[in-house]
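J.: Provide a 3D model corresponding to the input given below.
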Amino acid sequence: MFPSNESKRGAFLEHVREAREERMAERLRDVAAVKIQAHIRGWLVRESEKKKIRNEFDEIFGLESTLLPDLKNIPHATIVFKKAVRLFKIFERDKDCKRLEIYTRYLLSSMDSDDLKISYVCCAMNKALTLQWIQHIKEVAVRACEELEFLHVEVASENRLVSLYLHLLLIFSATTTWRLLQQEHLQPLRPALNKLTQNIMAELVTKGIYHTLQQVLIKGLCRGKPAIRGPAITTIITLSLRPFLASEQSHNILSLMAIHIFSVPALIHHLVTLAPDGLRMFHSHKIFEKILEFVYEEQNLRIVFNTLEGCYALCLLANLVHLAYLERETSLPELAFPTFSASVAAVNKSSNLNKTESLPPSALSVRPKSFFKKALEGTWSNPMSSDASSLGYNGSKTVLKLGSPEVTKVCHICSLYYMTTSTLSQLKMDILTGICHRSDVLRSLWVVLLSLGPNCGLKTFLNLLSVTTKTSAPEFQFLILFFDATTHLVSVLDDMEMYEQQKPCTIEDYKILSNFLNHLTYKMLKNNLVDIRNVGGCPLFSSAHTLLKLLLKRNARRPFVADNHWYISEMNVLGLMGELEKGKKLAQVLIQKIPHILSHEDRVLLFRNFITKEKISLGVLDNSSGTTINPTIIAVRREALVEDGYRQLASLSPTALKGVIRVRFINQQGLDEAGIDQDGVFKEFLEETLKKVFDPSLNLFRLTNEERLFPSPTSSLTEDHLQLLEFTGKMLGKAVYEGILVDCPFASFFLSQLIGEQHSALYSFIDELPSLDSELYKNLTYVKHYEGDVSDLDLTFSYDEDYLGQVKTHELRPGGRGICLTNENKILYIHLMAHFKLHTQIKDQTRAFVKGFRALVQQDWLSLFSVPELQRLISGDNVELDLQDLRQHTHYYGGFHDKHRVICWLWDILKNDFSEHEKRLFLKFVTSCSKPPLLGFSNLEPPFSIRCVEVTDDEDTGDTIGSVLRGFFAIRKKDPVNRLPTSSTCFNLLKLPNYQKRSNLKEKLRYAIHSNTGFELS
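T.: Just a heads-up that it's a prediction; the model follows:
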């Protein structure tokens, strides 16, 4: 209970340790306090001294920077010099930028004086101050350069400062403007003082004056309206030339000029318009010749273009091209070949130009864009426009080889164009427009391509690709440029221009070109000439594929080749399915990129295979037995099909909808109708439901003038219209998913949006407009080709619509009703009108329908088909009825068989007595769809059946032994002359009385199919 001696000893030692640590901490605090005080005192002394230095400077010059200093009140230049030296030792931009401005104004005024006491030159002439003066002027010039990079030339006050500091650099970079040296007795000093200015310029070059000058030019010129004037531009050109001339035309300085000055976008253009004196300096010092000779050497070229980004490298090239144009009468003839042409070719091969960095947005304003286009237009009329005649191609005899001098010349020129479009991506459309419409370049390229042998030299290009898979070779860039330009052309041509006028390419040209593209893209994939894992990364494949898809779309809308034109004969759909099941990447890419190389039937087979695989993976179909699993059962009233179907099916998950759905019909007494649904009753439910929702009287859909369906713009008048449209999309998707044909013709523009084509960059609403309103399309085409002043039509950017008896105005763009149509904006008006009619006014309805449809049918599957092919997928094949195929896959009941007298009469009547239209009516009578199944009648579900009936539908209880025997042996019970054939479309069943005369069968059958009432008729 009493503490031991050991515990007392421990406590004592702990107390001693704590006391020792406390004394040590106290000493450390004292030392820290002394250091802090010393630092603070030092800082206070320095700040006091800085304040003193600034006050001394301010006492001399004041604080008003906008006024020129009165030199009479300024002390001797040496006194000012000493004060200024002290100021620049402590210079801080945020505190002293105004003082720099004041001092700069003083220096400029001082150097303009011939008084030795006032002129700042006197300090340089003082041997005791010479070295210090040189160092000081270097510091001032460097500060001026730094300030130039901070300033914003678009601000008026800062723009004046740009001119001020440029003037300062100009004054101290040469002695020519030093007023004091104009005195004759001081002339002997000029050589020595020139050495001083050269020393100053060398220091500025080291500190990056060329980069500063470049930034000033870019900020001042690369905008809609130049922010710097001609004198400032001339000053910059002078400053850029002085180090080069002083260094006896050093290659290092020439390299800096090429990298920083000649890479400024549209420099030569601005010199021509704003600073012709600068252009004359270039001419007098032969800068064009010297830069060409410099870049002609491969090592120098590598230095320049490894430093420049791709976009600025192209600007350098553009400025050289512009200079060459200006020098066309003087130095260019001597330099054109090989120096100029070889330099351009070398630049084309520069890897840096293949990068796609973009210029600053301001660099692509109106004037520079105009310059670039004009610079390129200058080449259109010279090297390429006469290629067809110069190559001697006559369309049939002349065959050129890839790699020949003539073709190589064209390829190198195309390489320049290609690099222009890939680097200046913002100008790509302008350049392609110029190539397509402002010259005959495109036609010339096509002539060259045709001259390369069979199928446009396809084999030669493939052989070249097999040697080098890189598409940076000029031969491939020639192809890419041609493909891109043709894509641009075809995307803007309307049907009249493409099919009637056929300029600049004929329909025969498009046939040849499409065949070349089809086989080129296929062979590139099949022969592994492109990286299968990243086909989009190959510019040649991307350009060829884009043009191919565009021609496919134009052909789908208005055919110019037969369907089998696109098929690749060596393709085998069964083998392709096997490759897909194994997960082979090539098969996946072929289906994704060029599914059209398979026949339509093969793609439908592939589509059905995809669905079967999905059903198995979702567990709604037993893979081993082929039987359905866990069907969904619904009960519907015939008088309320849509309401009951929507209530029970709209909330089902996509997986449940993809499974089997059984339907029980409820009669008017509230009892279940007799019969078991083995898909037939659901087919009837689906057909009747779609028939009701597509009825225009419900206002969910409307009909075009060609009797084709599209979502109603006024569907909002119907309650829950978007939910109903989504449900309708699901029901149509279910029909396609199960292979049930429904006779619902849709407008092609709506089907294109169902596929998702509207998201393509090349999708054109104006091209799709005829499928909605051919009259409106005709009127808009009239506006497009109107030769007079279109404002005479008194149109605005608005659309008036009759809405429930009232005129409702829709603006095509904000404030559209106040924007008048002019020749300048008529193309925009046409596209906005088409966009409004096809997209804006029905976008919510379309989105809801597409959402429902794609809940069952994946968009990737839809990409297998074109718009007309999707319609065939929905409604059946648009071909003549194959009676032999139908008869071969017909089932017979009630005693009928294929050799039965009545059956023989039936097939003979259909073949010899019925017209093609009546045959379609017959098919619609028995299956509810007038078109045959896509894969033939072997794929009709349920199979087509014919049953012998003896009594009316109300009395019919099915086949009995007696009825079957009587039907089989043609035993006459009584001649059913007063009975008509009937059908059960849900089972694809024809109920046919056992007529005793062929004429009776023909008469009754014809009457039945024309009555168009199906199972309701008896």
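J.: okay, now the domains of the protein?
T.: Structural domains assigned to the chain are 53-207, 209-326, 399-566, 630-875, 876-951+972-1011, following the TED database.
J.: Which one of those domains lies nearest to Gln37?
T.: Taking CB to CB, domain 53-207 is the member of these nearest to Gln37, at 23.0 Å. The way it works is simple: take the backbone N, C-alpha and C, and place the C-beta from them, glycine included.
J.: Could you work out the end-to-end span of the closest one for me?
T.: 27 Å (CA to CA, to the nearest Å).
J.: Over to stretch 494-507?
T.: 14 Å.
J.: one step back: the domains of the chain: which one's closest to Lys585?
T.: domain 399-566 (5.1 Å).
J.: so which of the domains of the chain comes closest to Val45?
T.: domain 53-207 (12.6 Å).
J.: So what's the gap between the closest one and the chain middle?
T.: Its chain's C-alpha centre and that of domain 53-207 lie 54 Å apart, by CA atoms, centre = their mean, to the nearest Å.
J.: Present the domains of the chain as TSV; the columns should include mean pLDDT, mean neighbour count and distance to Gly578.
T.: Shown next, in TSV, are those (pLDDT from 0 to 100; neighbours: other CB atoms under 10 Å; distance: least, CB to CB, whole Å):
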stretch	mean pLDDT	mean neighbour count	distance to Gly578
domain 53-207	86	17	65
domain 209-326	87	20	45
domain 399-566	86	18	16
domain 630-875	88	17	18
domain 876-951+972-1011	86	18	19
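J.: Go through these and name the closest to Ser599.
T.: domain 399-566 (7.5 Å).
J.: Endpoints of the closest one, how far apart?
T.: End-to-end distance of domain 399-566: 26 Å, with CA to CA as the criterion.
J.: so Glu684 touches Asn988, yeah?
T.: No: if you go by CB atoms under 8 Å, Glu684 and Asn988 don't touch, sitting 10.5 Å apart.
J.: Just list what the particular helix or strand that has Leu513 in it packs against, helices and strands only.
T.: Here Leu513 sits within helix 507-526, counting by DSSP states H and E. When contacts are defined as 3 or more CB pairs under 8 Å, 6 or more residues apart in numbering; DSSP states H and E, helix 507-526 packs onto helix 441-450, helix 458-467, helix 539-557, helix 585-593.
J.: coming back round to it: with distance to Leu606 added, can I get the domains of the chain in a markdown table?
T.: Shown next, in a markdown table, are those (distance: least, CB to CB, whole Å):
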| stretch | distance to Leu606 |
| --- | --- |
| domain 53-207 | 60 |
| domain 209-326 | 43 |
| domain 399-566 | 15 |
| domain 630-875 | 7 |
| domain 876-951+972-1011 | 11 |
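J.: Out of those domains, flag the one nearest Leu13.
T.: Per CB to CB, nearest to Leu13 of those: domain 53-207, 56.5 Å.
J.: what's the closest non-adjacent residue to Val490?
T.: Nearest residue to Val490 in three dimensions, chain neighbours excluded: Leu550, at 5.5 Å (CB to CB, 6 or more residues apart in numbering).
J.: quick one, what contacts the one you found?
T.: Thr487, Val490, Ser491, Leu762 (CB atoms under 8 Å, 6 or more residues apart in numbering).
J.: separation between Glu639 and Ser415?
T.: 72 Å (CB to CB, to the nearest Å).
J.: Tabulate the helices and strands packed on helix 507-526 (CSV), appending distance to Ser173.
T.: Supplementary listing: these in CSV, determined by distance: least, CB to CB, whole Å:
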stretch, distance to Ser173
helix 441-450, 46
helix 458-467, 54
helix 539-557, 46
helix 585-593, 61
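J.: Of all the ones you listed, which one comes closest to Arg664?
T.: Of the helices and strands packed on helix 507-526, nearest to Arg664 by CB to CB is helix 585-593, at 40.1 Å.
J.: Quick one: residues in contact with the closest one.
T.: Contacts of helix 585-593 (CB under 8 Å, 6+ apart): 521-522, 525-526, 528, 532-533, 535, 545, 576, 579-580, 597, 606, 860, 863-864.
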